[in-house]
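>>> give me a 3D structure for the following:
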Amino acid sequence: MPSRISAVILAAGLSRRMGNEDKLFLPYKGSSIVGHVIDQVGASQVFEVIVVTSPLLKTQVGQLKDHSSRAFTTVINDDFQEGMTTSIQQGVRSCAGESEGWMICLGDMPETSTAEYDYILDQYSIAYSADPKVIAVPYYLEKKGNPIVFSTAYRPGILTNPYREGCKQIVQTHHAHVVKVHMDTDHVLTDIDTKEDYRRLS
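The predicted model follows:
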C-alpha cells in the first residue's frame with residue numbers, strides 16, 4: 001500500500017465573493033483559514049505538504065511557516081487567474097519524485113479535521129491494494145466533496161487536463177476506479193466563499 005501521499009493545498013484563489021477581504025487569511029481558531037487547513041493537513045499521515053499560491057499571496061503564505069506545526073513547501077502559480085487546474089498542475093509538478101499519490105485539498109475548507117483527512121487516506125490505501133489506479137472521493141449524504149486522492153497513474157492526465165476548474169472530468173472518465181469514502185460530517189462539503197459562510201463557522 002502507498003505510504004508516500006503528497007498533500008497539495010490550493011491557496012491561490014481571488015476571493016471574488018468575499019468583497020475586499022481575502023478569505024484565506026480571515027481569523028480562525030488562533031490562526032487563519034488557510035493556516036488552520038495547513039495545520040490539519042500537516043498533522044495527518046501525508047508524506048509532504050505543498051501549498052500552491054499566487055504571486056499576490058506569496059508573502060502572506062510564506063509568513064505562515066513561522067507558525068505552522070508542519071513544514072511545507074510554497075509553490076507560486078503565475079497562471080492562477082486561468083483557473084484551479086493550473087494550481088493543481090503546478091502542485092503535482094512540484095511534488096517529490098518518490099510521491100505515490102496526491103491528496104488535492106482546498107485552502108478554504110477549515111472544518112475538515114486531521115482525523116477526517118487520515119480516514120480518507122486510509123480508505124485510499126485499502127482500495128489501492130486492489131486497484132493501483134484508484135481515486136478516492138469523500139461523500140456526505142451522496143454529495144461529493146473534497147479532498148480527492150489520486151494515484152500517480154493519473155499524472156499525465158492531470159498535467160494535460162484542458163478543463164480549467166479542476167479534475168472533475170478525470171474522475172468522471174475513470175469512474176470504474178473511483179472509491180466513495182462515506183463521511184460522518186459535512187465538513188468535506190463546506191468551503192468558505194462568502195461573508196455568510198465565514199459567519200457560520202464554529
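>>> closest to the centroid, which residue in the chain?
Cys105 (0.7 Å; CA atoms, centre = their mean).
>>> element containing Ser125, please.
helix 114-128 (DSSP states H and E).
>>> and the residue nearest to the centre of the chain, bridged to which residues?
With DSSP bridges as the criterion, Cys105 is bridged to Ile9.
>>> that one contacts Gln40, correct?
No - taking contacts as CB atoms under 8 Å, Cys105 lies outside contact range of Gln40: 9.1 Å. C-beta coordinates here come from the backbone N, C-alpha and C atoms, glycine included.
>>> now for the two: what residues contact both?
Common contacts of Cys105 and Gln40 (CB atoms under 8 Å, 6 or more residues apart in numbering): Tyr117.
>>> any stretches of this structure with poor pLDDT?
1-2, 15-20, 202 (pLDDT under 70).
>>> which residues in it form strands?
All strands of the chain, identified by DSSP state E, fall at 5-11, 27-28, 31-32, 48-53, 73-76, 101-106, 135-140, 143-144, 148-151, 178-182.
>>> make a markdown table from those strands and add distance to Val92 to it.
Putting the strands of the chain into a markdown table (distance: least, CB to CB, whole Å) gives the following:
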| stretch | distance to Val92 |
| --- | --- |
| strand 5-11 | 7 |
| strand 27-28 | 27 |
| strand 31-32 | 25 |
| strand 48-53 | 9 |
| strand 73-76 | 10 |
| strand 101-106 | 6 |
| strand 135-140 | 14 |
| strand 143-144 | 20 |
| strand 148-151 | 9 |
| strand 178-182 | 19 |
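>>> so which of the ones you listed comes closest to Glu116?
Closest approach to Glu116 among the strands of the chain (CB to CB): strand 135-140, 7.9 Å.
>>> residues of the closest one that come out buried?
For strand 135-140, burial by neighbour count (16 or more other CB atoms under 10 Å) applies to 135-138, 140.
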